[in-house]
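Trainee: Next come a sequence and a model predicted from it.
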Amino acid sequence: MKIVFSFIAVAAFLLVTHSHTFAQNKGTVIYGKVISFEESFPIEGVSVAVKGASNATVTQIDGTFSLTVLPPDKILVISGNEYQSAEVTIAANKTAYEIVLQRKSNSQASVKNSLLPSTKFQITTVADSR
């Protein structure tokens, strides 16, 4: 009787842990490239982070990045020392982004989704009056 009970307990444990592992979402890998608006060249060393989360990465020498995002993640924050920061909404069905940053001396940064080449978003920054 103890053997049957042990077998049932082990089978139930394996079923529960397998179902839990299977149900976990591994996230989606998004890819992108960050380029300079003024010079149209890739920007290395720009931080790409998920707003409100701990996952982040830095762009490579060719301006590219990849980052795993989970379903509740909604916004990417892109920032570099010499460039205006930008926020990009993570679309549910898009995995490739092209982000164009302007230098800090300018007051705008533009973001373009590479899957919709004709769509361009303007992000305006407001100077702090302190």
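Mentor: Structure received.

Trainee: where along this structure do the helices fall?
Mentor: 2-23 (DSSP state H).

Trainee: Below-threshold pLDDT in it: ranges please.
Mentor: Applying pLDDT under 70 to the chain flags residues 1-25, 106-130.

Trainee: Longest strand in it, by number of residues?
Mentor: In the chain, with assignment by DSSP state E, the single longest strand is strand 28-36.

Trainee: what's next to that strand, contact-wise?
Mentor: 41-43, 46, 48, 59, 62-71, 76, 78, 80, 83, 90, 94-103, 114 (CB atoms under 8 Å, 6 or more residues apart in numbering). From N, CA and C alone the C-beta is placed, and that goes for glycine too.

Trainee: ok, now stretch 61-72?
Mentor: By CB under 8 Å, 6+ apart, stretch 61-72 touches 25-35, 41-44, 46, 48, 50, 53, 55-59, 76, 90.

Trainee: Just the buried residues out of those, in PyMOL syntax.
Mentor: The PyMOL selection below is limited to those of those classed as buried (16 or more other CB atoms under 10 Å):
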select buried, resi 28+30+32+33+34+35+42+43+46+48+50+59+76+90
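
Trainee: So which residues of the protein form strands?
Mentor: Listed in chain order (using DSSP E), the strands of the chain are 28-36, 47-50, 56-58, 64-69, 75-80, 83-89, 96-101, 108-112, 120-124.

Trainee: Which strands or helices does the fifth one pack on?
Mentor: Counting contacts by 3 or more CB pairs under 8 Å, 6 or more residues apart in numbering; DSSP states H and E, strand 75-80 packs against strand 28-36, strand 47-50, strand 83-89, strand 96-101.

Trainee: Point out the other helices and strands that the second one packs with.
Mentor: Contact here means 3+ CB pairs under 8 Å, 6+ apart; on that basis strand 47-50 packs against strand 56-58, strand 64-69, strand 75-80.

Trainee: taking these together, which one is wrapped up most tightly?
Mentor: Compared across the helices and strands packed on strand 47-50, strand 75-80 shows the largest average neighbour count, a mean of 19 (mean count of other CB atoms under 10 Å).
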